[in-house]
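Undergrad: make a model of this:
(chains A and B)
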Amino acid sequence: MTTNIMIVGVGGQGTLLASRILGYVFEQRGFDVKISEVHGMSQRGGSVVTYVRFGEKVYSPIVSEGEADYILAFEKLEAGRYVRFLKEGGQIVTNTGRIDPMPVITGAAEYPEDVLDKLAAKGVKIDGIDAMAVAKEAGSEKAVNTVLLGRLSKYFEIPETEWTGAIDAVVKEKFREMNKKAFRMGREA
Amino acid sequence: MKKLMLGNEAAARGLYEAGCRFVSSYPGTPSTEITEEACKYDEIYCEWAPNEKVAMEAAFGASLAGGRSAVCMKHVGLNVAADPLFTISYTGVNAGMVIFVADDPGMHSSQNEQDSRHHAIASKVPMLEPADSVEAKEYTKLAFELSEKFDTAVFVRTCTRIAHAQCSVELEDRVEVPVKEYAKNPQKYIMAPANAIRRHPIVEDRLAALRDYAETSGINKIEWAKDLSTGIITSGTSYEYVKEVCGDSVSILKLGMVNPLPERLIREFAAHVKRLIVIEELDPVIETAVKAMGIACEGKNLFPITGEFSQSIVRKALGYPEKPFVEGEALPGRPPVMCTGCPHRGLFYVLAKNKYTVLADIGCYTLGSAPPLNAVDMVLCMGASVSGIHGFNKIRKETTNKTVAVIGDSTFMHSGMPGLAKVAYNGSNSKVIIVDNSITGMTGHQNNPTNGYNIKGDPATKIDLEALCHALGIGRVRVVDPYDLKETERVIKEETAVNEPSVIISRRPCALLKTTKAKPALSIDPEKCRACKSCLRIGCPAISLRNGKPVIDGAQCVGCTVCQGLCAFGAIGGNEQ
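TA: Here you go, the predicted model:
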């Protein structure tokens, strides 16, 4: 059995850090782990996707349509964009915050405020959290990624110490305590 | 010890373990981190070269001197390095030399989707293709062995899903390989016709020997299944997708060496299976070779020639059931944009406002082409803006004062200089804007010869762009700060009005550099704002409309003040002392 997690968001939100923490946790648990990310042009404020897969033996580094057990969305429009990758019965954990994409800024398109409601109406399981508000409370607006990771962590029966240990291993010392705080607040929210 | 590693990180580890001493590269997504990671090992001298051609030549020089060497590039970089490549094939090497080339199927960060295997075939240089990080390390080490055994440079080809995918890799120790003796050998290393004529048959013999190696070495291996109704020939990531979908239910010939191909092994495999399918991303390179052997097979009749593969594509093509999914709504796209505070934004705003024809280049500033600025007319390849504008202006002399080239500092050093020499020498009155943000930006912040730092971040010789342009024969060189819209507009108008070539350096460090400190976020006073939306015209991701009026997102704004320069009502503030 392979478990598939997709982390989606806007370039610059820190999806890579979240995937590295996840990868570390599952590798420590003895799973075969594959992570796939994209660098370069797409990172410049565009829609970004990172895949994390773990299981006994994982071959492909990416997740295809209908395969994701979890989609961790750092922005709600991006949750809607990648819903086709969600497995039947899969879970979306999403930030309820909004970041306008350029077509909305230029007036070429409207931001669909009801994007999550429409997904829920289709029977998609959604767990939303205002991650920016929690991150600010934790001490940094940049911690949206670890807040959401904390929220996602509730879906796995893994002790908190393994997650905070992964943060210790992956995050630079200067930002560790703040990220651990953000993680715990997301986990408890 | 095991560690989760990117393919690029694992390749760098392979360089370390193989006793590599020298790496010279030009950054290019998705190859960049090989050199960045190799640089973390003190035993390997690493450097950023101005372009891939000089990087490859330097790696060759290091090999000639007797040290194991490597050069890393993206697929289009190999075009730039093709000149030395084809003749290094003739000279062979002294110490082992490895050429990494990373393709980008799906064009996540590239201007085309070319298949580097053609270069390996055309240059008669062997090519290995790992399928994950474990093989990226293993094949890198093997490449050095083959390089020295067969007296040839060796390619290691990756793609985005190898280079930027992580899996667990077992770390081993470095094996020190002493510097080999250097002896003068004109017949081997001076490729004048008399010598090259004698070297070419050696290249052909070497290829035959490599073919024998490919047949028997185990780098190409057959995984037999009980069921022989379908046999699949595949390599690289495609192998992973096939295993994901088919498991052990089909027989697979996995090719670890994609040039030269093992003909006897392919024949043996084909003879045992009923239906033979070649699964390869991009061009039908293996398929064409198999068909040329007179063996019937399928391939591009089932699989796309464009884009990257996935397990879903393999499922569909092979008739496996697809996974059900929820179809989402049509949503606004989210294309990449210039970052908040990007120094390029102000420049492109001025160019768009004044309706210049803009021949641009490869880098973050390619994004000047995106709405709402739509400021760019052409982007081709590294350096093409400067040489392109010369040809453009020779044909359309009447628009010379409304046409500009835009090229970055690093791209100018890479291949813009010869174009500028041409502009000066052949007099086309062309106007070239060098956007100098003190870094190679798009590939993730690499130092370059114009910013005064080397790959390790230590001070290095800083090439003076103004003096360089003068030396290339350009009399007029001006410098502007693109945050100052009025001054930028004035200077561009002045320079495009004169009847001689001119360079404008638009200078302001990248907003994402650690040394660039963000200023206080700006805000819009709703009382003063008349909702004219002028500030929205610069396409800043921090400014959006809420209930008909623009607002600035304080979390994103870095206080660059470019929007302030556009507001006729003084509504944008927040940075008052």
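Undergrad: so, low pLDDT: which residues of chain A?
TA: A:40-43 (pLDDT under 70).
Undergrad: next, the residue nearest to the spatial centre of chain A: secondary structure please.
TA: Central residue of chain A (Cα atoms, centre = their mean): residue A:72, 3.2 Å from the mean position. State at residue A:72, reduced to three classes by DSSP: H, G, I helix; E, B strand; the rest coil: strand.
Undergrad: which one's the longest helix in chain B?
TA: helix B:193-216 (DSSP state H).
Undergrad: for residue B:542, which non-adjacent residue is spatially closest?
TA: Excluding the flanking residues, the one nearest residue B:542 by Cβ to Cβ, 6 or more residues apart in numbering or on different chains is residue B:556, at 3.8 Å. Backbone N, C-alpha and C define where each C-beta goes, glycine included.
Undergrad: the one you found contacts residue B:341, correct?
TA: No. Using Cβ atoms under 8 Å, residue B:556 is not in contact with residue B:341; the gap is 9.2 Å.
Undergrad: what is the least confident helix or strand in chain B by mean pLDDT packed up against?
TA: Taking mean pLDDT, DSSP states H and E as the measure, chain B has strand B:543-546 as its least confident helix or strand, at a mean of 92. Helices and strands touching strand B:543-546, by 3 or more Cβ pairs under 8 Å, 6 or more residues apart in numbering or on different chains; DSSP states H and E, are helix A:102-105, strand B:549-552.
Undergrad: let me see the residues that make contact with it.
TA: Identification of contacts with strand B:543-546 by Cβ atoms under 8 Å, 6 or more residues apart in numbering or on different chains yields A:100, A:104-105, A:107, B:533, B:535-536, B:550-553, B:563.
Undergrad: and if we set it to 6 Å?
TA: Outside of strand B:543-546, the residues within contact range by Cβ atoms under 6 Å, 6 or more residues apart in numbering or on different chains are A:100, A:105, B:535, B:550, B:552.
Undergrad: now do the strands in the stretch 51-200 of chain B.
TA: Here the stretch 51-200 of chain B has its strands, by DSSP state E, counting those that start in this stretch, at B:69-74, B:97-103, B:127-128, B:154-159, B:165-170.
Undergrad: just give the nearest non-adjacent residue to residue 158, would you?
TA: All of this is about chain A. residue A:25 (6.5 Å).
Undergrad: think we crossed wires, I meant chain B
TA: residue B:102 (4.8 Å).
Undergrad: what's around the one you found, how many residues?
TA: 30 (other Cβ atoms under 10 Å in any protein chain shown).
Undergrad: quick one, what contacts it?
TA: Residue B:102 sits in contact with B:30-31, B:74, B:158, B:163, where contact means Cβ under 6 Å, 6+ apart.
Undergrad: tally of neighbours for residue 76?
TA: No chain in the question, so chain A it is. 24.
Undergrad: actually it's chain B I care about, not the one you picked
TA: Residue B:76 has 20 nearby residues by other Cβ under 10 Å.
Undergrad: so is the residue of the stretch 351-500 of chain B found nearest chain A in a helix, a strand, or just coil?
TA: Proximity of the stretch 351-500 of chain B to chain A (Cβ to the nearest Cβ) peaks at residue B:372, 4.4 Å away. The three-state assignment at residue B:372 reads coil, by three-state DSSP.
Undergrad: that older thread, now the contacts of residue B:102 as TSV including neighbour count?
TA: Converted to TSV, these look like this (neighbours: other Cβ atoms under 10 Å in any protein chain shown):
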residue	neighbour count
B:30	30
B:31	30
B:74	30
B:158	33
B:163	30
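Undergrad: which one of these sits closest to residue A:135?
TA: Closest approach to residue A:135 among the contacts of residue B:102 (Cβ to Cβ): residue B:30, at 30.1 Å.
Undergrad: I'd say the closest one and residue B:161 touch.
TA: No. Using Cβ atoms under 6 Å, residue B:30 makes no contact with residue B:161, being 8.8 Å away.
Undergrad: can you tell me the closest non-neighbouring residue to residue 168?
TA: All of this refers to chain A. Once flanking residues are discounted, residue A:168 sits nearest to residue A:176: 6.0 Å by Cβ to Cβ, 6+ apart.
Undergrad: wrong chain, I was asking about chain B
TA: residue B:2 (5.0 Å).
Undergrad: near chain B, which residues of chain A?
TA: A:23, A:27, A:34-42, A:44-47, A:59-62, A:64-67, A:80-81, A:83-84, A:88, A:100-106, A:109, A:118, A:122, A:124, A:141 (Cβ under 6 Å from any Cβ of the partner chain).
Undergrad: can you give me the strands in the stretch 251-400 of chain B?
TA: B:251-255, B:257-259, B:275-279, B:357-359.
Undergrad: of all those strands, which lies closest to residue B:492?
TA: Of the strands of the stretch 251-400 of chain B, nearest to residue B:492 by Cβ to Cβ is strand B:357-359, at 11.1 Å.
Undergrad: and the closest one, what does it pack against?
TA: Applying 3 or more Cβ pairs under 6 Å, 6 or more residues apart in numbering or on different chains; DSSP states H and E, one finds that strand B:357-359 makes contact with helix B:384-395, strand B:403-408.
Undergrad: which residues of chain A fall in helices?
TA: Going by DSSP H, chain A shows helices at A:15-28, A:76-81, A:102-105, A:115-121, A:131-138, A:144-153, A:160-170, A:173-188.
Undergrad: ok, now which ones touch residue A:100?
TA: With contacts defined as Cβ under 6 Å, 6+ apart, residue A:100 is in contact with A:111, B:544.
Undergrad: and it, how far from residue B:301?
TA: In this view, residue A:100 and residue B:301 are 44 Å apart by Cβ to Cβ, to the nearest Å.
Undergrad: same check, this time on residue B:563
TA: Computed as Cβ to Cβ, the residue B:563 to residue B:301 distance reads 54 Å.
Undergrad: between those two, which one's more packed in?
TA: residue B:563 (26 against 10).
Undergrad: who's in contact with residue A:51?
TA: Residue A:51 neighbours (Cβ under 6 Å, 6+ apart): A:6, A:36, A:62-63.
Undergrad: quickly list what it is bridged to.
TA: residue A:6, residue A:36 (DSSP bridges).
Undergrad: quick check, pLDDT for residue B:574.
TA: Per-residue pLDDT puts residue B:574 at 84.
Undergrad: that one is in contact with residue B:522, isn't it?
TA: Yes. Between residue B:574 and residue B:522 a contact is recorded at 4.6 Å, counting by Cβ under 6 Å.
Undergrad: so the two - more neighbours on which side?
TA: Taking other Cβ under 10 Å, residue B:574 and residue B:522 do not tie; residue B:522 has more neighbours (23 against 16).
Undergrad: what's near enough to touch the more buried one?
TA: Residue B:522 makes contact with B:552, B:557, B:559, B:572, B:574-575, according to Cβ under 6 Å, 6+ apart.
Undergrad: ok, now with 7 Å
TA: B:552, B:557, B:559, B:563-564, B:572-575 (Cβ atoms under 7 Å, 6 or more residues apart in numbering or on different chains).
Undergrad: and what of residue B:33?
TA: B:6, B:8-9.
Undergrad: now render those as JSON lines, adding distance to chain A and pLDDT.
TA: Formatted as JSON lines, the contacts of residue B:33 follow (distance: Cβ to the nearest Cβ, whole Å; pLDDT from 0 to 100):
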{"residue": "B:6", "distance to chain A": "8", "pLDDT": "97"}
{"residue": "B:8", "distance to chain A": "10", "pLDDT": "98"}
{"residue": "B:9", "distance to chain A": "12", "pLDDT": "98"}
